[in-house]
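Colleague: Okay, here's the prediction I keep looking at, along with the sequence it came from:
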Amino acid sequence: MSVADLSYLLGMLGTIAFAVTAVLAVIPKGIDVFGACVMGIITAIGGGTIRDVILDETIFWSLDLNYIWVGLVSSVIAFYGNRLMSRKYVYTLMLYLDGLGASLFVIQGAEKTLELDFAMPLGPVLLGVTTAIGGGLTRDVLVGNTNLLMKKELYAVPLAIGATLYLGLINQFHDHGVIIGILCALITFAIRAAAIYWKLRVPNWMLLKAK
Amino acid sequence: MSVADLSYLLGMLGTIAFAVTAVLAVIPKGIDVFGACVMGIITAIGGGTIRDVILDETIFWSLDLNYIWVGLVSSVIAFYGNRLMSRKYVYTLMLYLDGLGASLFVIQGAEKTLELDFAMPLGPVLLGVTTAIGGGLTRDVLVGNTNLLMKKELYAVPLAIGATLYLGLINQFHDHGVIIGILCALITFAIRAAAIYWKLRVPNWMLLKAK
Amino acid sequence: MSVADLSYLLGMLGTIAFAVTAVLAVIPKGIDVFGACVMGIITAIGGGTIRDVILDETIFWSLDLNYIWVGLVSSVIAFYGNRLMSRKYVYTLMLYLDGLGASLFVIQGAEKTLELDFAMPLGPVLLGVTTAIGGGLTRDVLVGNTNLLMKKELYAVPLAIGATLYLGLINQFHDHGVIIGILCALITFAIRAAAIYWKLRVPNWMLLKAK
């Protein structure tokens, strides 16, 4: 499998995860299936779209509409299928799926930015994190939800760690891009999953006491 | 009249409609005339700007500042002229004008995307709808209003139908672009106007019952 | 000092001012240091990023990561250093610093747009103001604060005056770009500072009476 294949696979899995979690997140707001699909697609492709606009690259989904189709079908299935799941189960599943999607997208975004040699060395970290959180931020703004940057959950920090690790490892072992990519996505997801499971919060020294 | 002329006319009429309805929508928030003009212009040109950024085309209004001037003058007139209208009348007028603007913009956006052969066949529908609702979504986010995607009104669905119809008809009769464009904008507006007049809502099968 | 040097200096000072004020503005929301840095950086580079996307220029910070580094360091210092300041003092300082940042950015944005001869004559004013307020608007949307366009403060109007003045003076005396740039930034800041000090509001004829 080539680096391009890896990037494609990560992107498609992330698309499914993000579309599904977005739909599950907006259903309690009483949205209809059309609105839910728009939110699912925006969440899935929003981060990558912002990244490509900043990179001044052709928007990725215009070259391969599978991203839109997969986002659309995932959204519809999540919308009507959500009745089968209990509230509690849905919420937990959503958290892990969302963490998986973000871990896949952060590496994919970092990889694309690295390949274009854009704004080295900070660029891949900044645009990797943008790819991972841009769609969710846009959704939260449109839905009127509090977004992840305002919460004390460990969400964006693991992503920044994962992208930095990827950059460091690629710099050392540039012949093993695929393995390093998979490894870093897994490590990022492991940190995020641990944060969900043990309800880890941002440590106190990173917070200011309320006055 | 050429396709380019049609596109121009649709765009200018849509600009007036969107600027006016935006200003009428933000006045109750206690905004000043400068803020109202910014909101009017953003609503009028926001969707087309997002479309052109995604298409990687020169932003349309930079090539023809009439869009800005028309948006500005419409905004000022709507701001000071709004005293002449009663509350009820303003609201109804606003709904129809907004529907007209959206119907014009969705076809104009689809036409531009089609001409560039961008992301066929989904591209023209996606970017047509983006052209029509992008400015209003941006305004609602800036003003702090609930946006159309979160409501149960039939708003975006008629637009998606209109753009899809346009694409299908152009595919069959590509020599009659102008007539098809006008026809599809009218059909889109007719569906939207019917939805306003008879207070049509999204059908039940498109909604999930609140648990 | 060349025009390019001036533009760079204005940009860097504005970056510091915007990052610091953004962090001071989001601390009361209980944000952690990572989120504060993201907000600081977005506020500092957001307006210029939107400007460069519309201009279809390479995003300025990708060519010079000092903007990001300076934004990051300023954000961290503002986050942990804010304990040293009293509430009242912080708030006033924030207002003036923010006004300074906006005055610097509006001229820098107008200058860049003018140099590219983009959408003359309105372009430099529109994109100057966009450079100055785009980052703050994005931050307010992400944080859930009421943004400056919805308030009755004299904020955006001085910026529009400053950019228009700059354009008019450059048109007359195009050999003195640096002096005119500094002068217009100072005048813009003076108007804004007067508005803060004397608590000037938008005049009544620019407002509609609430019905």
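Modeller: Nice, I can see it.

Colleague: Against which helices or strands is the helix or strand of chain A with the lowest mean pLDDT packed?
Modeller: Among the helical and strand segments of chain A, the one scoring lowest on mean pLDDT, DSSP states H and E is helix A:3-26, with a mean of 83. Based on contacts counted as 3 or more Cβ pairs under 8 Å, 6 or more residues apart in numbering or on different chains; DSSP states H and E, the elements that helix A:3-26 packs against are helix A:33-55, helix A:66-81, helix A:87-115, helix A:123-143, helix A:177-197. From N, CA and C alone the C-beta is placed, and that goes for glycine too.

Colleague: Now do the buried residues in it.
Modeller: Of the residues in helix A:3-26, those scored as buried under the neighbour-count criterion (16 or more other Cβ atoms under 10 Å in any protein chain shown) are A:6-26.

Colleague: what's the answer for stretch A:159-174, then?
Modeller: The neighbour-count criterion (16+ other Cβ under 10 Å) identifies A:159-167, A:169-170 as the buried residues of stretch A:159-174.

Colleague: Redo those as a markdown table? Include distance to C:Leu63.
Modeller: As requested, the buried residues of stretch A:159-174 are arranged in a markdown table below (distance: Cβ to Cβ, whole Å):
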| residue | distance to C:Leu63 |
| --- | --- |
| A:Leu159 | 25 |
| A:Ala160 | 22 |
| A:Ile161 | 27 |
| A:Gly162 | 26 |
| A:Ala163 | 21 |
| A:Thr164 | 22 |
| A:Leu165 | 26 |
| A:Tyr166 | 23 |
| A:Leu167 | 19 |
| A:Leu169 | 26 |
| A:Ile170 | 22 |
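
Colleague: The residue nearest the centre of chain A: what's it in contact with?
Modeller: In chain A, the C-alpha closest to the average C-alpha coordinate belongs to A:Ala102, at a distance of 2.5 Å (Cα atoms, centre = their mean). With contacts taken as Cβ atoms under 8 Å, 6 or more residues apart in numbering or on different chains, A:Ala102 has the following neighbours: A:14, A:132-133, A:136, A:155, A:159, A:188, A:192.

Colleague: still on that earlier bit, export the buried residues of stretch A:159-174 as CSV, with columns for pLDDT, secondary structure and distance to B:Met94.
Modeller: Rendered in CSV, the data for the buried residues of stretch A:159-174 read as follows (pLDDT from 0 to 100; DSSP: H, G, I helix; E, B strand; the rest coil; distance: Cβ to Cβ, whole Å):
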residue, pLDDT, secondary structure, distance to B:Met94
A:Leu159, 95, helix, 42
A:Ala160, 95, helix, 45
A:Ile161, 95, helix, 49
A:Gly162, 96, helix, 48
A:Ala163, 96, helix, 46
A:Thr164, 96, helix, 50
A:Leu165, 96, helix, 53
A:Tyr166, 96, helix, 50
A:Leu167, 94, helix, 51
A:Leu169, 95, helix, 56
A:Ile170, 92, helix, 54
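
Colleague: With distance to chain C added, can I get those in TSV?
Modeller: TSV is the format used below for the buried residues of stretch A:159-174 (distance: Cβ to the nearest Cβ, whole Å):
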residue	distance to chain C
A:Leu159	10
A:Ala160	7
A:Ile161	11
A:Gly162	14
A:Ala163	13
A:Thr164	13
A:Leu165	16
A:Tyr166	18
A:Leu167	14
A:Leu169	21
A:Ile170	19
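
Colleague: out of the contacts of A:Ala102, which is most surrounded?
Modeller: Within those, neighbour counts (other Cβ atoms under 10 Å in any protein chain shown) peak at A:Ala132, which reaches 32 neighbours.

Colleague: any idea how far A:Leu149 is from A:Val143?
Modeller: Noted for A:Leu149: a distance of 15 Å to A:Val143, by Cβ to Cβ, to the nearest Å.

Colleague: tell me which parts of chain A are close to chain B?
Modeller: Residues of chain A lying near chain B by Cβ under 8 Å from any Cβ of the partner chain: A:27, A:29-35, A:38-39, A:49, A:53, A:56, A:58-59, A:61-63, A:65, A:68-69, A:79, A:82-83, A:87, A:141-144.

Colleague: redo that, cut-off 7 Å
Modeller: By the criterion of Cβ under 7 Å from any Cβ of the partner chain, the positions of chain A lying close to chain B are A:27, A:29-35, A:38-39, A:53, A:58-59, A:62, A:65, A:68, A:141-144.

Colleague: what subset of those is also close to chain C?
Modeller: Intersecting these with the surroundings of chain C, defined as Cβ under 7 Å from any Cβ, gives A:53, A:141.

Colleague: filter the residues of chain A next to chain B to the buried ones?
Modeller: Using 16+ other Cβ under 10 Å as the burial test, the residues of chain A next to chain B include A:27, A:31-35, A:38-39, A:53, A:59, A:62, A:65, A:68, A:141-143 as buried.

Colleague: Of these, just say which sits nearest to C:Gln108.
Modeller: When these are compared for distance to C:Gln108 (Cβ to Cβ), A:Val53 comes out closest, at 21.3 Å.

Colleague: before we move on, back to that, worst mean pLDDT among the helices and strands packed on helix A:3-26?
Modeller: The stretch with the lowest mean pLDDT among these is helix A:87-115, at a mean of 87.

Colleague: distance between the ends of stretch A:143-155?
Modeller: One end of stretch A:143-155 to the other measures 19 Å (Cα to Cα, to the nearest Å).

Colleague: same deal with stretch A:168-187?
Modeller: End-to-end distance of stretch A:168-187: 14 Å, with Cα to Cα as the criterion.
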